[in-house]
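1. I need the structure of the sequence given here:
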Amino acid sequence: MKTILITGCSSGFGLEIARYFLDRDWNVVATMRSPRQDLLPASSRLRILPLDVTDEASIRAVVAQAGPVDVLVNNAGIGALAAVEAQAPAQVREIFETNTLGSIAMCQAFIPQMRERAQGVVINVTSSVTLRSLPLLAVYTASKAAVNAFTESMALELASVGVQARLVLPGRAPSTRFAENARPRMEGTIPDAYGALAAQVFANFQANTQVTHASDVAEAVWQAATDPGAPMRIPAGEDAREWAATAV
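-> Below you'll find the model as predicted:
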């Protein structure tokens, strides 16, 4: 019976990925900053552990508690809509520390055990915004694009020791708490000069009926975890697949 460890399981994609693998009889280590036992059905195959991917001590504790892991899913992430000129340096660092450096740190923590067993899969969940430029998302996009480049280069190293690395690129998912969690970071980040642009961006979001559901992401992660022939980049969601098909 294989074990998967997923970061960012308190809501959205991470929570659905955990449910998906539990339903398929995997051992699941679901991590989140503030653990809640009521989010997932009780199971002898489930462990819910605290984890802050920006904290080295927290990562070390999870490695010790989780034991052998066959699949690592770096899903935890944060973001904000903002004009570049108005995004505070501290917020830029926060986004990169979670989305980029947090993913790298988790890879560094779990790859050694996979390498020793000459098997395992690392799956980094990024975003389809890395396939098509959008306004007011420059820092978030940069943080995710960095993970794309990191993963593709790392995959070349890992292949030599029997470990695989994959990317899952979700589209826009209005049903998750991503936008809700991002809202506190957006205050004062869109100056009046960008008001018309921001209004158009929000209108486009509302008008676009192509969205990504959490189940789309769970299915993409399942493919990445279980299909040795899966492509490096797996778009998740109708909108993400369309963008991938037209990306230059």
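2. which is the next helix or strand following the worst-scoring helix or strand of the chain on mean pLDDT?
-> None of the helices or strands of the chain scores lower by mean pLDDT, DSSP states H and E than helix 178-182, at a mean of 51. Counting by DSSP states H and E, the next helix or strand C-terminal to helix 178-182 is helix 195-207.
3. Remind me which helix or strand Ala18 belongs to.
-> helix 12-23.
4. One more: Thr151?
-> Going by DSSP H and E, Thr151 is part of helix 138-159.
5. List the strands paired with the helix or strand following that helix, with their directions.
-> Remark: after helix 138-159, the chain's next helix or strand is strand 164-170, criterion DSSP H and E. Strand 164-170 pairs in its sheet with strand 121-125 (parallel), strand 233-236 (parallel), by DSSP bridges.
6. out of those strands, which comes closest to Leu134?
-> Counting by Cβ to Cβ, Leu134 lies closest to strand 233-236 out of the strands paired with strand 164-170; the figure is 15.7 Å. Yep, even glycine has a C-beta here, placed from its N, CA and C like the rest.
7. So which of the strands paired with strand 164-170 is the most surrounded?
-> Highest mean neighbour count among these (mean count of other Cβ atoms under 10 Å): strand 121-125, with a mean of 26.
8. Please save the CA atoms from that strand in CSV.
-> Listed in CSV are the C-alpha atoms of strand 121-125, where the atom choice follows Å, rounded to 0.1, in the frame of the first residue of the first chain:
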residue,chain,number,x,y,z
VAL,A,121,7.2,10.7,-7.5
VAL,A,122,7.4,14.4,-6.8
ILE,A,123,4.4,16.4,-8.0
ASN,A,124,4.5,20.2,-7.9
VAL,A,125,1.1,21.9,-8.4
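9. so who does the spatially most central residue of the chain touch?
-> In the chain, the C-alpha nearest the mean C-alpha coordinate belongs to Asn75, at 2.7 Å (Cα atoms, centre = their mean). The contact partners of Asn75, taken as Cβ atoms under 8 Å, 6 or more residues apart in numbering, are Ile6, Thr7, Gly8, Cys9, Phe13, Gly14, Ile17, Val125.
10. Would you quantify the distance from the third one to Asn208?
-> In other words, Gly8. From Gly8 across to Asn208, the span is 24 Å (Cβ to Cβ, to the nearest Å).
11. Between the two, which is the more surrounded one?
-> Gly8 (26 against 12; other Cβ atoms under 10 Å).
12. Helix, strand or coil: sort out that one for me.
-> Classification of Gly8 by DSSP: H, G, I helix; E, B strand; the rest coil places it in coil.
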